[in-house]
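*Asks:* Next one to model:
(one chain, ligands or ions: 2)
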Amino acid sequence: MSALLEDSTRRLQDALAGLNADQREAVLHGVDTEAQADPRPLLIVAGAGSGKTSTLAHRVACLVAKGADPQRLLLLTFSRRAAQEMSQRAGHVLAKVLGLGSQTPPSLPWAGTFHGIGARLLRDYAAQIGLSENFTIHDRGDAEDLMGLVRHELGLTGTEKRFPLKSTCLSIYSRVVNTQGSLHEVLAQAFPWCAEWEEPLKRLFGAYVEAKGAQNVLDYDDLLLGWHEMMAEPTLAAQLGGRFDHVLVDEYQDTNRLQAAILQRLKPDGCGLTAVGDDAQSIYSFRGATVRNILDFPAQFGAPARIVTLERNYRSTQPILDVSNTLIAGAGERHAKRLWTDKPSAGRPQLVLVPDEAQQARWVADRVLAHREGGLRLKSQAVLFRTSSHSAALELELARRNIPFVKFGGLKFLEASHVKDLLALLRFAQNPKGRQAGFRVVQLIPGIGPVTATRLLDAMDTASDPGAALQSFAVPSGAREQWVEFAAVYAGLRNGQAAWPADAELALRWYLPHLERLHEDAAVRRADVEQLVRLAAGYASREAFLAELTLDPPDATSDRSGPPLLDEDYLILSTIHSAKGQEWSSVHVLNVVDGCMPSDLATGSAEEIEEERRLLYVAMTRARDHLHLLVPQRFYVTQQSARGDRHLYAGRTRFIPAQDAKAFEEVVWPPPPERPPAVPPPQAAIDLRNRLRAAWR
Ligand code: ATP
Ligand code: MG
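*Replies:* Ligands and ions are numbered 1, 2, ... in the order given. Down below sits the predicted model:
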């Protein structure tokens with residue numbers, strides 16, 4: 001064996017030495033050259049914190065070290081953050097194994113989210129599937145707007161009984177696509193109150209699909225659906241399947257039927273396929289994910305899958321694991337597993353009873369600072385919540401005390417109207433046929449309303465050169481001066497005079513005066529759009545920027561004082577959904593009360609309630625050393641009923657019944673007022689009665 005090869009074998013052995021036997025088995029499955037190559041697909045199914053993602057990262061490194069071409073490795077996961085985490089970890093191990101020292105680890109070109117990779121493949125194969133290559137991607141907000149527009153055009157807004165809102169229509173449409181079910185079934189199961197609209201909804205969805213085609217746009221669901229359709233064509237399926245030797249999927253429990261079908265068509269015999277997941281952490285059924293995928297995986301491919309389970313948890317202390325195990329033991333069908341650890345305990349997890357959300361915020365802020373005093377950096381602490389809006393009180397409290405934080409989850413940054421305005425301009429420049437972007441941006445110009453905007457877009461639609469049609473378009477006299485300015489900027493953006501990202505700055509310069517005019521709090525908003533332009537500089541081209549941003553919105557919403565600097569310490573605030581796959585030394589979970597977990601809006605069916613249980617499980621298993629569950633006695637719920645908002649006197653979540661609560665340390669805050677200690681009656685110095693009597697003796 002050459003010295004070089006010996007070195008790399010030794011380094012690989014070193015890297016694998018830290019793994020336990022089961023993890024090593026999984027890493028080496030089918031790649032151990034000494035054993036006969038094993039063609040079975042591999043399923044690693046294991047509980048939280050058992051090293052699934054680590055194992056996947058080591059497997060990637062091992063494959064590359066044994067000669068696999070990184071260009072031919074496809075790594076898929078659910079969210080952009082998870083994808084980043086996964087490729088970083090794999091890169092890190094790989095650098096060690098390849099002996100690269102402090103050099104930048106080799107990047108994995110095909111690591112990403114299902115949607116992101118889908119978009120790339122659709123663009124690559126556009127010509128072969130009859131798609132125009134310069135399609136734009138609609139995010140959820142854009143898709144809703146288009147749905148709203150089509151709904152209006154079909155006259156469905158003027159119906160006597162209220163037709164479902166555009167957001168509901170899109171949710172129904174999306175669920176049909178992602179579950180591959182029929183509209184009838186989806187309505188009956190998930191949207192029974194809309195069942196009477198089946199016919200008009202069908203018409204609406206047909207027209208919506210037409211509108212997307214006419215405008216050359218795809219929405220999120222199309223990215224999966226398009227990939228799935230592409231794979232239905234045997235020649236293309238073979239080409240795509242042949243392009244990747246290994247396909248590795250993390251968080252498999254959150255894939256939907258389309259994603260499972262894509263994998264089946266990519267690797268029908270299962271050879272080279274690795275899936276990793278935990279059925280107990282499946283929390284995305286509202287997007288069509290189905291826990292059946294992981295339960296059925298073993299029998300779905302040419303060869304039955306090899307299953308590796310991992311039971312040792314490396315993340316949490318035993319008391320944290322105990323309460324998490326108890327919580328999930330109450331769930332229905334699942335791969336049974338009980339996690340254990342030998343990590344020393346740092347006390348019991350706490351159940352903290354506070355009077356209301358304001359006091360909850362105070363307690364959490366106090367505790368976070370106390371942990372910091374005790375040596376925990378803010379970054380190693382997180383506060384998790386069910387819904388993005390639940391952190392409002394805490395955000396205010398943190399701002400008041402100057403505790404820096406970053407918030408993940410929710411798409412606030414991109415949902416902000418000013419961010420949408422600027423993006424609309426860039427999108428409209430990218431794709432002159434994108435009516436929605438155009439509709440939005442030209443109406444920023446005073447004197448141009450929906451009628452003129454529609455006239456302009458129609459003119460551009462029919463013109464052979466849409467850019468020229470815009471230049472020669474006649475606007476109402478009041479708008480003329482500003483129009484000329486806009487047309488010049490548009491031409492500059494279209495003909496690529498300014499190279500990217502100068503392009504984005506040009507757009508920003510045009511937009512800023514409008515921002516000032518339109519918003520009272522322009523200063524705060526300005527910081528956001530400037531941030532957007534800074535982000536833009538990190539992308540190679542406008543097209544790449546727009547595609548990436550729509551697919552993977554930056555989920556950090558800056559607080560009002562602006563995003564903290566990279567090397568600064570800050571607390572993490574996150575929805576539980578966005579916290580998946582991550583870990584912190586200390587974790588606070590807000591509002592662990594009925595009405596929130598399970599959510600009032602999710603108590604429809606037993607399955608929905610089970611998903612809420614898993615959500616709490618995901619939250620609790622993020623903690624390494626300290627876990628605090630907060631139980632406000634009074635919890636504010638926005639009821640969607642005619643009664644309006646109201647206060648609810650909530651109780652601790654039903655998922656932790658009284659007898660399970662005993663495993664927690666109970667903290668009542670503020671502590672009940674103490675009674676003054678009982679003072680023993682003083683010893684009498686004199687006996688007055690006796691003295692008074694004495695006078696008469
Ligand atoms: P989740 O279900 O939350 O996604 P996971 O199963 O993917 O969790 P990882 O995030 O890979 O778990 O690992 C959890 C923690 O355990 C990480 O800090 C990781 O570095 C550590 N870990 C994993 N395997 C080992 C090991 N063999 N020895 C020591 N630490 C380990
Ligand atoms: Mg993981």
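
*Asks:* CA only for contacts and neighbour counts going forward, please
*Replies:* OK.

*Asks:* Can you mark which positions in stretch 91-103 are buried?
*Replies:* Using 16 or more other C-alpha atoms under 10 Å as the test for burial, stretch 91-103 gives G91, H92, V93, L94, A95, K96, V97, L98.

*Asks:* same check, this time on stretch 173-180
*Replies:* Using 16+ other C-alpha under 10 Å as the test for burial, stretch 173-180 gives Y173, S174, R175, V176, V177, N178, T179.

*Asks:* quick one: which of those is nearest P501?
*Replies:* For those, the closest approach to P501 (C-alpha to C-alpha) belongs to S174, at 33.7 Å.

*Asks:* sec struct for that closest one, please.
*Replies:* Secondary structure, DSSP: H, G, I helix; E, B strand; the rest coil: S174 is helix.

*Asks:* And it, how far from ligand 1?
*Replies:* Between S174 and ligand 1 the computed distance is 26 Å (C-alpha to the nearest ligand atom, to the nearest Å).

*Asks:* count of neighbours near the spatially closest residue to that residue that is not a sequence neighbour?
*Replies:* Among residues not flanking S174 along the chain, D221 sits closest, at 6.5 Å (C-alpha to C-alpha, 6 or more residues apart in numbering). D221 has 20 neighbouring residues, counting by other C-alpha atoms under 10 Å.

*Asks:* just the one 10 residues further on next, same as before
*Replies:* Neighbouring residues of M231 were enumerated by other C-alpha under 10 Å; the total is 22.

*Asks:* now swap in the one 10 residues further on and tell me
*Replies:* Residues contacting G241 under the criterion other C-alpha under 10 Å number 19.

*Asks:* Next: the one 4 residues further on.
*Replies:* Here the count is done by other C-alpha under 10 Å, and D245 has 17 residues near it.

*Asks:* Name the nearest residue to it, ignoring sequence neighbours.
*Replies:* R72 is the one closest to D245 (C-alpha to C-alpha, 6+ apart), at 5.6 Å.

*Asks:* OK, contacts around the one you found?
*Replies:* Taking C-alpha atoms under 8 Å, 6 or more residues apart in numbering as the criterion, R72 is in contact with W110, R243, F244, D245, H246.

*Asks:* farthest pair in those?
*Replies:* Spatial extent of the contacts of R72 (C-alpha to C-alpha) is set by the pair W110 and D245 at 11.8 Å.

*Asks:* from memory R315 sits against G49, does it?
*Replies:* Yes. With contacts counted by C-alpha atoms under 8 Å, R315 reaches G49, the gap being 5.2 Å.

*Asks:* got the contact list for A275?
*Replies:* L42, L43, I44, L248, V249, D250, E251, Y252.

*Asks:* actually L73, not the one I wrote
*Replies:* L108, W110, A111, F244, D245, H246, V247, L248.

*Asks:* Likewise for A111?
*Replies:* L73, L74, L75, L76, A83, S87, I117 are the contacts of A111 under C-alpha under 8 Å, 6+ apart.

*Asks:* Please report phi then psi for the residue in the stretch 551-697 of the chain that ligand 1 sits nearest to.
*Replies:* Closest to ligand 1 within the stretch 551-697 of the chain is G581: 3.5 Å, counting by C-alpha to the nearest ligand atom. Dihedral pair for G581: phi 80, psi -10, per degrees, to the nearest 10.

*Asks:* what's the closest non-adjacent residue to it?
*Replies:* Nearest non-adjacent residue to G581 (C-alpha to C-alpha, 6+ apart): A82, at 6.8 Å.

*Asks:* secondary structure class for L351?
*Replies:* Under three-state DSSP, L351 falls in the strand class.

*Asks:* Bridge partners for it, pull those for me.
*Replies:* L629, E666 (DSSP bridges).

*Asks:* So what's the residue count around it?
*Replies:* Neighbour tally, L351, other C-alpha under 10 Å: 22.

*Asks:* residues making contact with the helix or strand containing F486?
*Replies:* Here F486 sits within helix 480-494, counting by DSSP states H and E. For helix 480-494, the surrounding residues in contact (C-alpha under 8 Å, 6+ apart) are 426, 429-430, 445-446, 467, 470-471, 475, 498, 503, 506-507, 510.

*Asks:* what comes up buried for it?
*Replies:* So helix 480-494, judged by 16+ other C-alpha under 10 Å, has buried residues R480, W483, F486, A487, V489, Y490, A491, G492, L493, R494.

*Asks:* can you check stretch 683-697 too?
*Replies:* In stretch 683-697, counting by 16+ other C-alpha under 10 Å, buried: nothing.

*Asks:* quick one: the strands in the stretch 201-350 of the chain?
*Replies:* For the stretch 201-350 of the chain, the strands defined by DSSP state E, counting those that start in this stretch cover 217-219, 246-249, 273-277, 306-310, 350-354.

*Asks:* Please disregard the earlier target; I meant the stretch 551-697 of the chain.
*Replies:* Under DSSP E, counting those that start in this stretch, the stretch 551-697 of the chain gives strands at 571-575, 584-589, 623-632, 634-637, 646-649, 665-668.

*Asks:* So which residue is dead centre in the chain?
*Replies:* In the chain, the residue lying closest to the centroid (C-alpha atoms, centre = their mean) is S578, at 4.3 Å.

*Asks:* now that residue: how far from T179?
*Replies:* 22 Å (C-alpha to C-alpha, to the nearest Å).

*Asks:* So for I283, which of the strands of the stretch 201-350 of the chain sits nearest?
*Replies:* Of all those, it is strand 273-277 that lies closest to I283, at 12.0 Å by C-alpha to C-alpha.

*Asks:* Report the distance from that closest one to the chain centre.
*Replies:* In terms of C-alpha atoms, centre = their mean, to the nearest Å, the centre of strand 273-277 is found 20 Å from the chain centre.

*Asks:* what lines up beside that strand in the sheet?
*Replies:* Counting by DSSP bridges, strand 273-277 is paired with strand 42-46 (parallel), strand 246-249 (parallel).

*Asks:* Please report the distance of P192 from ligand 1.
*Replies:* For P192 relative to ligand 1 (C-alpha to the nearest ligand atom), the value is 34 Å.

*Asks:* May I have the phi/psi pair for that residue?
*Replies:* According to degrees, to the nearest 10, P192 has phi -60, psi -30.

*Asks:* got the residues of this structure near ligand 2?
*Replies:* With C-alpha under 5 Å from the ion as the criterion, the chain meets ligand 2 at residues T53, G581.

*Asks:* Give me every residue in the chain lying close to ligand 1.
*Replies:* 18-20, 47-54, 314-315, 581-582 (C-alpha under 6 Å from any ligand atom).
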